[in-house]
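*Asks:* Got a sequence here, can you build the structure:
(2 chains)
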Amino acid sequence: MKFQSRFIKGIIKGSHISIGYIPIGISFGLIAKALDIPNEVVILMSLIVYAGASQFMAVSLMSTGIGMVEIVLTTFIVNLRHLLMSASLSQKVHKNADEKLLPIIAFGITDETFAYISMADQEELSDAWILGINIVAYLSWVGSTVVGLYLSASLPDIIQSSMGISLYAMFIALLVPNIKGKSVLLKITGISIISSSILYFIPVISKNISSGWRVIITILISSAIGAFFYEEEVNAIE
Amino acid sequence: MLLNNLIYIVIGMAIVTYIPRLIPFVFINDLKENSFTKRFMKLIPYTALSALIFPGIITATNSTLSAMIGGIVAIVLSYLELNVVIVIISSIMSIIIFQLVI
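*Replies:* As a prediction, this is how the structure comes out:
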């Protein structure tokens, strides 16, 4: 099949992802605006970072004036999971892809594009097809961010103040269905919340660390505890 | 925060986000199945989201009580596996209604 027709097939598949991305991209623009982050910073973030959860986190940390190092380091840790996704995809893709396109394909790896690409059969899989998916997902994310920024100008105060909950609701909506009925993940979530609460509620500790470091320390400690004590259960997670 | 500082943060974020996406494609080499590192990596999405949700959520709105209401609405609806967008909008709506009633 020709490059163009594979590319177009990818675009059609990618449009499914954009249905999910557009409302979240709009929410991102709205929240960033409500937190008084300048428009050019918000748009640049969607253009060159392109990683939903970490962008929500970054704008909320920026609005509290947290240090640069913490924001970048937290972003790194939150997005480190892409290393594994890219690793598993690279095994499937490298046989069917032009080497020069791999750096562009890599930029477009998100949870959602990963889900689609990793489920594809070998026949469907090609560099053109992946680029089609990635480009639609990317453009809908960037475009909807801009729309969200533009919309927020006319929102009443009561709605803007209530929107502070949005990113937390999004994190909950991403987390809860994935840990539901899985006892080991429930335990590890519990360990994370306990760790994060200790760091927040014990004054001697919370006085000395920012919320950025609290997140990093919690991730390191609770992931290590889970990996060490729940060997078999965690190995079995897909 | 100064605009320039924010731009530097975004550029830093872009670099540290792109590197993990790119490296496996440059050095195609899988982590060992069932290794400590692999388990550690698998758990990061869960531990990171948990740490981001709590206790930050209690200061997300005007009052701890309204934030807790929004949080509970989000937990219940996402447990029922409703769409992310519906969960977010319902959580916001529950806080708006709470603020109007109080």
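
*Asks:* Could you chop chain B up by domain?
*Replies:* Listed domain ranges for chain B are B:1-30, B:32-101 (source: automatic domain parsing).

*Asks:* Nearest to A:I117, out of the ones you listed?
*Replies:* Comparison of those against A:I117 by Cβ to Cβ identifies domain B:1-30 as nearest, at 12.5 Å. For the C-beta atoms, the positions are set from N, CA and C on the backbone; glycine is no exception.

*Asks:* Okay, buried residues for the closest one please.
*Replies:* Burial within domain B:1-30, assessed by neighbour count using 16 or more other Cβ atoms under 10 Å in any protein chain shown, is assigned to B:1, B:6, B:9-10, B:12-14, B:16-25.

*Asks:* Restricted to strands, list those.
*Replies:* For the buried residues of domain B:1-30, not one is inside strands, with DSSP state E as the criterion.

*Asks:* from those, which are also near chain A?
*Replies:* When contact is defined as Cβ under 8 Å from any Cβ of the partner chain, the buried residues of domain B:1-30 meet chain A at B:1, B:6, B:9-10, B:12-14, B:16-18, B:20-25.

*Asks:* on contacts alone, who are the packing partners of the helix of greatest length in chain A?
*Replies:* Longest helix of chain A, by residue count under DSSP state H: helix A:3-34. In terms of contacts (3 or more Cβ pairs under 8 Å, 6 or more residues apart in numbering or on different chains; DSSP states H and E), helix A:3-34 is packed against helix A:39-48, helix A:52-63, helix A:111-119, helix A:127-151, helix A:166-179, helix B:84-101.

*Asks:* what residues are up against the nearest residue to A:A128 once chain neighbours are set aside?
*Replies:* Leaving aside its sequence neighbours, A:A128 sits nearest to A:R6 (Cβ to Cβ, 6 or more residues apart in numbering or on different chains; 3.8 Å). Under the criterion of Cβ atoms under 8 Å, 6 or more residues apart in numbering or on different chains, the contact list for A:R6 reads A:126, A:128-129, A:132.

*Asks:* so after the worst-scoring helix or strand of chain B on mean pLDDT, what's the next helix or strand?
*Replies:* Counting by mean pLDDT, DSSP states H and E, chain B has its least confident helix or strand at helix B:36-53, which shows a mean of 81. Using DSSP states H and E, the next helix or strand after helix B:36-53 towards the C-terminus is helix B:64-79.

*Asks:* just how off-centre is that next one within its chain?
*Replies:* Chain-centre distance of helix B:64-79: 15 Å, with Cα atoms, centre = their mean, to the nearest Å.

*Asks:* got a list of contacts for that helix?
*Replies:* A:162, A:164-165, A:168-169, A:172-173, A:175-177, A:180, B:53, B:57-61, B:84, B:86-88, B:90-92, B:94-95, B:98-99.

*Asks:* cool, stretch A:24-37 as well?
*Replies:* A:39, A:41-42, A:46, A:52, A:55-56, A:59-60, A:62-63, A:140-153, A:155, A:160, A:163-164, A:166-167, A:170, B:6, B:84-85, B:88.

*Asks:* List the buried residues in it.
*Replies:* By 16+ other Cβ under 10 Å, the buried positions in stretch A:24-37 come out as A:24-35, A:37.

*Asks:* Restricting to C-alpha, output the biggest helix by length in chain B in CSV.
*Replies:* Longest helix in chain B by number of residues (criterion: DSSP H): helix B:3-26. Output of helix B:3-26 as CSV, limited to C-alpha atoms (Å, rounded to 0.1, in the frame of the first residue of the first chain):
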residue,chain,number,x,y,z
LEU,B,3,7.3,35.0,31.8
ASN,B,4,10.8,34.1,30.9
ASN,B,5,11.1,31.7,33.8
LEU,B,6,7.8,30.0,32.7
ILE,B,7,9.1,29.6,29.2
TYR,B,8,12.3,28.0,30.5
ILE,B,9,10.2,25.6,32.6
VAL,B,10,8.2,24.6,29.5
ILE,B,11,11.4,24.0,27.5
GLY,B,12,12.8,22.0,30.3
MET,B,13,9.5,20.0,30.5
ALA,B,14,9.6,19.4,26.7
ILE,B,15,13.2,18.0,26.9
VAL,B,16,12.6,15.7,29.8
THR,B,17,9.3,14.5,28.3
TYR,B,18,10.8,13.9,24.8
ILE,B,19,13.9,12.0,26.0
PRO,B,20,12.1,9.0,27.5
ARG,B,21,9.9,8.8,24.4
LEU,B,22,12.9,8.9,22.1
ILE,B,23,15.6,6.8,23.8
PRO,B,24,13.9,3.3,23.3
PHE,B,25,13.6,4.1,19.6
VAL,B,26,17.3,5.0,19.4
